[in-house]
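Engineer: here is my input; please provide its structure:
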Amino acid sequence: MILELRLSKIGDSLGIALPEEALAHLKLQEGDRLLATQTPCHSLRLSPYSDETAKQWL
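Structural biologist: Next up, the predicted model:
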């Protein structure tokens, strides 16, 4: 899946809105947590948060 996302101002920050297709793919819903990890090529990988996954990366 390749998606073009746009940054939007949210308070004093910037954020992205994930389309339904991405939410369904990641099995996420409002209020769920994400884990963002940096890849070797300096991009970010988004994964559904789990304690097990977080322990591997944090």
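
Engineer: low-scoring stretches of this structure, by residue?
Structural biologist: For the chain, the stretches with pLDDT under 70 are 57-58.

Engineer: what about the strands in it?
Structural biologist: 8-10, 13-15, 34-38, 44-48 (DSSP state E).

Engineer: residue contacts, the residue nearest to the spatial centre of the chain?
Structural biologist: Within the chain, one residue has its C-alpha closest to the average C-alpha position: by CA atoms, centre = their mean, that is L46, at 3.7 Å. Taking CB atoms under 8 Å, 6 or more residues apart in numbering as the contact definition, L46 lies against L26, L34, L35, A36. From N, CA and C alone the C-beta is placed, and that goes for glycine too.

Engineer: L5 too?
Structural biologist: I16, A17, L18.

Engineer: how far away is it from A22?
Structural biologist: L5 sits 8 Å away from A22, taking CB to CB, to the nearest Å as the criterion.

Engineer: how many other residues sit next to L18?
Structural biologist: Residues within reach of L18, counting by other CB atoms under 10 Å, total 16.

Engineer: phi, psi for it please.
Structural biologist: In terms of degrees, to the nearest 10, the main-chain angles of L18 are phi -90, psi 130.

Engineer: repeat that for I2.
Structural biologist: Listed backbone geometry of I2 is phi -120, psi 130, with angles given as degrees, to the nearest 10.
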